[in-house]
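Engineer: Pasting the sequence and the predicted coordinates here, then a few questions.
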Amino acid sequence: MAIEQSAAAVQVKDAFEFFRRGRMDEAERVCRAVLQRSPDDFDATHLLGVIMLWRGELESAEELLNRALTIDPTSFDAQLHRAAALRYLKRSEEALAIYTDLIARKPGFGEAHYGRACVLIDRERVADAIVDYAAAARLVPDNGDLFNDYGIALARAGRNEEAVAAYDRAIAIFPNYERAYNNRGLALYHLGRHADAMRDFDKATALDPRYTEAFYNRGALALAERQAVVGESGEALVLERALADFDRALSIGPEFAELLVCRGLALRLLQRDDDARASYERALILRPDCVEAEEGRALCQAGLGRAEALNIRL
């Protein structure tokens, strides 16, 4: 029995190494092989649950993590991962209760503060989430995702200077973190630092050529700044570049109403009224109550392609 247990431990260690390297199929195969011989092996059950969680197979993940906790009810990590599965399953009350219990029983458990902050954000409790993000940031100072999410919460609270500092930390940890660059660009835009924001959107699109939101943000900022360009030819060039970003975003997908409205505006200002109207109509299919799309379509129908533009907000 001791020899079998030792062999299983070695195999689970191998499975974890596969998992760490992103070789999920091999990690799963090893875990299942261990569990065929030793169905009550906690480590193999727990790791297999984490693999399912990583893959987004949430019901299987929650079942496996529950099973792991029947084997070892004291495991903080299994409880942490089960709470994450419950959060993604939209069972936020249960997830919140687990995170709160973990924090009470294990003071200084930064990952539990982080998890609870994410649930609180889901529930629109931004101020409470910021308190937990701040605690997690002190306790887990090397987690780039944490600082990116912290920045998002701060930005939602209108605390953009602090959000920029959080994104700075995320980028210091992961220098090629395209989402942190995009998010920092948004915060910089709201601080009026438009040139810095544009540099961040440029960086985000360079790092991820399929990053829809970053292309949209870059195009929307160019559209908002077009009047600072001297001369009609310069403005037309800015509009063409913005339109190229909107078209790139659409080619990647998914479509969303704000993207189609901004694209319609660029087309309208380029006096391509028929194309602009089609873009506004696509926006209205996605969001029938979109006032900006209704107004833009009406201006196109009236032939007012160069009328005063709608305000652009990123």
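Structural biologist: All right, it came through fine.
Engineer: Can you give me the distance of Pro209 to Cys290?
Structural biologist: 28 Å (Cβ to Cβ, to the nearest Å). All C-beta atoms are positioned from the backbone trio N, CA, C, and that covers glycine.
Engineer: Glu161: neighbour count?
Structural biologist: 10 (other Cβ atoms under 10 Å).
Engineer: I meant Leu237, not that one.
Structural biologist: Neighbours of Leu237 using other Cβ under 10 Å come to 14.
Engineer: cool, Ala68 as well?
Structural biologist: There are 27 residues near Ala68, going by other Cβ under 10 Å.
Engineer: List the contacts of it.
Structural biologist: Ala68 is in contact with 42, 45-46, 49, 75, 78, counting by Cβ atoms under 8 Å, 6 or more residues apart in numbering.
Engineer: any chance of the residues you listed in CSV, plus distance to Leu259, pLDDT and neighbour count?
Structural biologist: As requested, the contacts of Ala68 are exported to CSV (distance: Cβ to Cβ, whole Å; pLDDT from 0 to 100; neighbours: other Cβ atoms under 10 Å):
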residue, distance to Leu259, pLDDT, neighbour count
Phe42, 47, 95, 17
Thr45, 44, 96, 26
His46, 42, 96, 24
Gly49, 37, 97, 26
Ser75, 44, 96, 17
Ala78, 41, 97, 23
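Engineer: what about the stretch 101-250 of the chain, any weak spots by pLDDT?
Structural biologist: Counting by pLDDT under 70, the stretch 101-250 of the chain has low-confidence residues at 227-233.
Engineer: And the helices in it?
Structural biologist: 110-122, 126-139, 144-156, 160-173, 178-190, 194-207, 212-224, 232-252 (DSSP state H, counting those that start in this stretch).
Engineer: Adding distance to Cys262, write those helices out as JSON lines.
Structural biologist: Below are those laid out as JSON lines (distance: least, Cβ to Cβ, whole Å):
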{"stretch": "helix 110-122", "distance to Cys262": "26"}
{"stretch": "helix 126-139", "distance to Cys262": "26"}
{"stretch": "helix 144-156", "distance to Cys262": "20"}
{"stretch": "helix 160-173", "distance to Cys262": "22"}
{"stretch": "helix 178-190", "distance to Cys262": "14"}
{"stretch": "helix 194-207", "distance to Cys262": "14"}
{"stretch": "helix 212-224", "distance to Cys262": "5"}
{"stretch": "helix 232-252", "distance to Cys262": "6"}
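Engineer: what's the closest of those helices to Trp54?
Structural biologist: Checking those against Trp54 by Cβ to Cβ gives helix 144-156 as the closest, at 13.6 Å.
Engineer: With just CA atoms, put the closest one into PDB.
Structural biologist: Extracted as PDB, the C-alpha positions of helix 144-156 are listed here (Å, rounded to 0.1, in the frame of the first residue of the first chain):
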ATOM      1  CA  GLY A 144      -0.400  40.900 -12.300                       C
ATOM      2  CA  ASP A 145      -4.000  39.800 -12.900                       C
ATOM      3  CA  LEU A 146      -4.800  41.000  -9.400                       C
ATOM      4  CA  PHE A 147      -3.500  44.500 -10.000                       C
ATOM      5  CA  ASN A 148      -5.200  44.700 -13.400                       C
ATOM      6  CA  ASP A 149      -8.600  43.800 -11.800                       C
ATOM      7  CA  TYR A 150      -7.800  46.200  -8.900                       C
ATOM      8  CA  GLY A 151      -7.300  48.900 -11.500                       C
ATOM      9  CA  ILE A 152     -10.600  48.200 -13.100                       C
ATOM     10  CA  ALA A 153     -12.400  48.500  -9.800                       C
ATOM     11  CA  LEU A 154     -10.700  51.800  -9.000                       C
ATOM     12  CA  ALA A 155     -11.600  53.100 -12.500                       C
ATOM     13  CA  ARG A 156     -15.200  52.100 -12.000                       C
END
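Engineer: That concludes my questions; thank you for your assistance.
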